[in-house]
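A.B. asks: below is the sequence, then the predicted model.
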Amino acid sequence: MGWERFWSLQPERLILWLAVVAAMIAVAAYFIMKIRAKTLQREPPASEMLSKFRELHSRGELTDEEFRTIKTTLTAQLQKELNDGGKTG
């Protein structure tokens, strides 16, 4: 459909086409916002994760070595979070 033909449509059809385009834009914006929200979700703070791993270790679900490795990693992450003021995940 050429632009000349599009603009020469009856007003009712022109309004209908514009409504369809607006609806498509709204649906696209909705999906983009949903996808973006998922990518912006943060992981729990290191202190919360450390507590959960400590609980797993106390129940015997993690070995001492596994817990030490996790604790070392999370301690470094916790220190970074404290230095950043908790702004990073």
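C.D. replies: Great, that's in hand. Numbering: from 1, shown residues only.

A.B. asks: what about the helices in the protein?
C.D. replies: Along the chain, counting by DSSP state H, helices occupy 3-7, 11-40, 46-58, 64-84.

A.B. asks: any idea of the mean pLDDT for the third one?
C.D. replies: Put plainly, it is helix 46-58. Per-residue pLDDT values over helix 46-58 give a mean of 92.

A.B. asks: now that helix against helix 64-84, angle please.
C.D. replies: 170 degrees (axes from the mean of the first three to the mean of the last three C-alpha atoms, to 10 degrees).

A.B. asks: what pLDDT is listed against residue 9?
C.D. replies: The per-residue pLDDT reported for residue 9 equals 68.

A.B. asks: could we number from 431 for the rest of this?
C.D. replies: Fine by me, first position is 431 from now on; the one you just mentioned is residue 439.

A.B. asks: re earlier: mind putting the helices of the chain into TSV with mean neighbour count?
C.D. replies: C-beta: built from backbone N, CA, C; applies to glycine. Converted to TSV, the helices of the chain look like this (neighbours: other C-beta atoms under 10 Å):
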stretch	mean neighbour count
helix 433-437	8
helix 441-470	10
helix 476-488	15
helix 494-514	13
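
A.B. asks: against residue 438, how distant is the closest residue to residue 475 other than its chain neighbours?
C.D. replies: Nearest non-adjacent residue to residue 475, counting by C-beta to C-beta, 6 or more residues apart in numbering: residue 511, 6.2 Å away. Counting by C-beta to C-beta, to the nearest Å, the gap from residue 511 to residue 438 is 62 Å.
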